[in-house]
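Peer 1: Got a predicted structure here, sequence first:
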Amino acid sequence: MSFRNTPLAVIHDVDKATLLTPELRAEIDKHVAKYPPEWKQSAVMPALTLVQDHNGGWLSRELMDQVAAYLDMPETAVYEVATFYAMYDLEPVGRHKVCVCNSVSCRLGGAEELMHHIEKKYNVAPGGTTADGKLTFKEFECLGACRHAPAVMVDKVYHECVTPEAIDKIIDDLD
Amino acid sequence: MAENQNTVCFRTMHLDATVRYTLESYRSVGGYVQWERILREKPDPDQLIDELKTSALRGRGGAGFPTGLKWSFMPRTKPGQKYIVCNSDEGEPGTCKDRDIMRYNPHQLIEGMAIAGYCIGATVGYNYIRGEFYEPTARFDGALEEAYAAGLLGKNLLGSGVDFDLYTHLGAGAYICGEETALLESLEGKKGQPRFKPPFPAQAGLYGMPTTINNTETLASVPVILEKSGKWFLEQGKPNNGGPKLFSITGHVERPCNLEIPLGTPFKDVLEMAGGVSGGRALKAVIPGGSSVPVVPGDVMMRTDMDYDSIAKAGSMLGSGAVIIIAEGTCMVKVLANLAHFYAHESCGQCTPCREGTGWLARVLDRILAGNGRPQDLDLLDNVAGRIGGRTICALGDAAAMPVQSFLKHYRSEFEHLVEHGRSLVEAA
């Protein structure tokens, strides 16, 4: 077998009541309850998402280590997950994330022009953050909203059929 | 709306948009009648699976594997936990149908998963939803709450002794998790890297236990098949291509849309339903089943029907039902470069031919687009693509290779012109 079907359980020598925050632990516990008791690590993705949201949109190494300790996982197993999935950021980000879909249907529907507009007007390259710390601009792979091209995800909200004028309005309305 | 539209997964679509996703709305179209009947009568699961086999329902996620057959692989009577997993990791470029099922008719997916659980002996189900789908997830979670409150999910349902618990699991942005074994790895809290098969998930799946994984649309089709019969479903489509199917019509069309229409509908009718090619332009090409399948020239598509077997005859695949329309005047080298970058970004890195090859393809295409192409680059592309396809654990390698080979086959002159003259044959820019 090329995969292991046993959890990588590692018990860390730490008082779990000191990890993260009580609210985060309670939220993570709700996810842990969905999986078999020995498979706490199944909750690592929702846990990282919760912790990232709580930390202004990014994950520090220290936070990942705390998630590892809380879920009885090796730290490296948590790093593997955090580096693999596109929605985790491992460096500080702007107050908002503007993710423009650049996959084929959105591309045919004007995503390229939209990206050029954002780059020029806000002086930020894909993957970068504006000087004022307001926006992190990302080029995203297919958002699954292809019939409303081009699609943009701003933080957790989809905006569809977005023109350069529309994105300016959306960005203006952000704090 | 024609009377043969929106008959299965979109059967709540005609209801008021502000309430069509509620339990009450779903009940008004016959929802949960099948699940309650099963709980009351406890029919032999084989009977239900036979009905699915009769329906010729094939997997709606892209592979088109017969659903009834897949369910029959499960060792139902073997002791131990078994799982039903729904693949809502919709991410194949061009595909936007599962999102709408969860937004507009989430209860039907819940009922389909519960029935699937009963048929394969699974008392626990997970719906793996891609991480970006916050809104559809909220809808689905709301429906789950309603279903639990109504006693349709949980333990000893309606006093039947049947248990079924259903949970959502949110991803975090990885196309590869739509591959079923990568999805299982992800559910187990790991990187989404596909598993080598065998063992197949029906033998050793989630947590090493027997597991069936089906696409959202596949599972949501099940309640209607049991209500109206497998024969009815089959007759909506064509032999071996049962039922209606959701098609996402995107790209250069006047009215991009999702259509639930019978399999076997002529492509030209589908194009017309979407308002035709945008801006009154001529049709150049169609990618008929999501970005991973071979491109088909427009004139060939105009003579092709939209079902698994007809599209296979036209040299491509129905895939996920994502129909990407490309108008005359589009530079096909640019389109292919976009696809190549997608696969290079989404390769999980496990198999060398895919990890390295997808990057090569993207870089060579960039070079050609920048006007620095070399005459031997076209053969190089073909060669690299040929060395990825069939040499990887999962189908992402094939998915990256097939567009390259088909674009070169049908639009070689555009590539040659760009290499020779350093600019596009079809567009000024």
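Peer 2: Great, that's in hand.
Peer 1: Could you use CA atoms for every contact and neighbour count after this?
Peer 2: Noted.
Peer 1: Chain B contacts on chain A?
Peer 2: Near chain B, the residues belonging to chain A are A:1-3, A:5-6, A:34, A:39, A:41-46, A:49, A:77, A:80-81, A:84-88, A:103-106, A:108-109, A:141-149, A:156-157 when assessed by C-alpha under 8 Å from any C-alpha of the partner chain.
Peer 1: at 6 Å instead, please
Peer 2: Residues of chain A lying close to chain B by C-alpha under 6 Å from any C-alpha of the partner chain are A:5, A:41-42, A:44, A:81, A:85-87, A:105, A:108, A:142, A:144-147.
Peer 1: element containing residue 26, please.
Peer 2: Let's take chain A. In this structure, A:Ala26 is located in helix A:22-32 according to DSSP states H and E.
Peer 1: Hmm, no, I was thinking of chain B.
Peer 2: Going by DSSP H and E, B:Tyr26 is part of helix B:23-28.
Peer 1: That helix: which residues count as buried?
Peer 2: Within helix B:23-28, the residues that qualify as buried by neighbour count (16 or more other C-alpha atoms under 10 Å in any protein chain shown) are B:Leu23, B:Ser25, B:Tyr26.
Peer 1: Dump the residues you listed into a markdown table; add pLDDT as well.
Peer 2: As requested, these are exported to a markdown table (pLDDT from 0 to 100):
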| residue | pLDDT |
| --- | --- |
| B:Leu23 | 98 |
| B:Ser25 | 97 |
| B:Tyr26 | 98 |
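Peer 1: Of those residues, which is the nearest to B:Ser310?
Peer 2: For these, the residue nearest B:Ser310 by C-alpha to C-alpha is B:Tyr26; the value is 33.9 Å.
Peer 1: what's the distance between that closest one and B:Glu146?
Peer 2: 11 Å (C-alpha to C-alpha, to the nearest Å).
Peer 1: for B:Val33, same thing?
Peer 2: 16 Å.
Peer 1: Over to B:Ile115?
Peer 2: The value you get for B:Ile115 to B:Glu146, if C-alpha to C-alpha is used, is 17 Å.
Peer 1: residue in chain B nearest to chain A?
Peer 2: Scanning chain B for the residue nearest chain A gives B:Gly189, at 4.1 Å (criterion: C-alpha to the nearest C-alpha).
Peer 1: and the helix or strand just after the helix holding A:Ala26, C-alpha only, in PDB?
Peer 2: Under the assignment DSSP H and E, the closest C-terminal helix or strand after helix A:22-32 is helix A:44-54. In PDB, the C-alpha atoms belonging to helix A:44-54 read as follows (Å, rounded to 0.1, in the frame of the first residue of the first chain):
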ATOM      1  CA  VAL A  44      -6.500  19.900  10.800                       C
ATOM      2  CA  MET A  45      -7.900  21.800   7.700                       C
ATOM      3  CA  PRO A  46     -10.900  23.400   9.400                       C
ATOM      4  CA  ALA A  47      -8.700  24.100  12.400                       C
ATOM      5  CA  LEU A  48      -6.100  25.900  10.300                       C
ATOM      6  CA  THR A  49      -8.800  27.900   8.600                       C
ATOM      7  CA  LEU A  50     -10.300  29.000  11.900                       C
ATOM      8  CA  VAL A  51      -6.900  29.900  13.300                       C
ATOM      9  CA  GLN A  52      -6.000  31.800  10.100                       C
ATOM     10  CA  ASP A  53      -9.200  33.800  10.100                       C
ATOM     11  CA  HIS A  54      -8.600  34.700  13.800                       C
END
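Peer 1: Following the chain past helix A:44-54, name the next helix or strand.
Peer 2: Towards the C-terminus, the helix or strand next in line after helix A:44-54, according to DSSP H and E, is helix A:61-70.
Peer 1: about what we covered before: count residues in the vicinity of the residue of chain B closest to chain A, would you?
Peer 2: 24 (other C-alpha atoms under 10 Å in any protein chain shown).
Peer 1: What pLDDT is listed against it?
Peer 2: Reported pLDDT at B:Gly189 in the predicted model: 97.
Peer 1: Tell me which residues touch it, please.
Peer 2: Contact criterion C-alpha atoms under 6 Å, 6 or more residues apart in numbering or on different chains gives A:Gln41, A:Ser42, A:Val44 as the residues in contact with B:Gly189.
Peer 1: can I get the residues you listed in a markdown table with neighbour count?
Peer 2: Compiled in a markdown table, the contacts of B:Gly189 are given as follows (neighbours: other C-alpha atoms under 10 Å in any protein chain shown):
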| residue | neighbour count |
| --- | --- |
| A:Gln41 | 28 |
| A:Ser42 | 25 |
| A:Val44 | 28 |
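Peer 1: Excluding chain neighbours, give the residue nearest to A:Gly144 in space.
Peer 2: By the measure of C-alpha to C-alpha, 6 or more residues apart in numbering or on different chains, the closest residue to A:Gly144 outside its immediate chain neighbours is B:Cys96, 4.8 Å from it.
Peer 1: try B:Lys155
Peer 2: What sits nearest to B:Lys155 in space, not counting adjacent residues and going by C-alpha to C-alpha, 6+ apart, is B:Asp163, at 4.3 Å.
Peer 1: Where does pLDDT dip in chain A?
Peer 2: In the predicted model of chain A, residues A:1-4 satisfy pLDDT under 70.
Peer 1: Do a quick rundown of the helices in it.
Peer 2: Here chain A has its helices, by DSSP state H, at A:22-32, A:44-54, A:61-70, A:75-84, A:104-108, A:111-121, A:164-172.
Peer 1: Deepest-packed of the ones you listed, please.
Peer 2: Mean neighbour count (mean count of other C-alpha atoms under 10 Å in any protein chain shown) peaks for helix A:104-108 among the helices of chain A, with a mean of 27.
Peer 1: For the residue nearest the centre of chain B, give me its contacts.
Peer 2: For chain B, the residue whose C-alpha lies nearest the mean C-alpha position (C-alpha atoms, centre = their mean) is B:Gly61; its distance is 2.6 Å. In this structure, B:Gly61 makes contact with B:Asn215, B:Ser320, judged by C-alpha under 6 Å, 6+ apart.
Peer 1: likewise B:Ala285?
Peer 2: Counting by C-alpha under 6 Å, 6+ apart, B:Ala285 makes contact with B:Val296, B:Pro297, B:Gly298, B:Ile326.
Peer 1: got a list of what the third one touches?
Peer 2: What that stands for is B:Gly298. Under the criterion of C-alpha under 6 Å, 6+ apart, the contact partners of B:Gly298 comprise B:Leu283, B:Lys284, B:Ala285, B:Val286.
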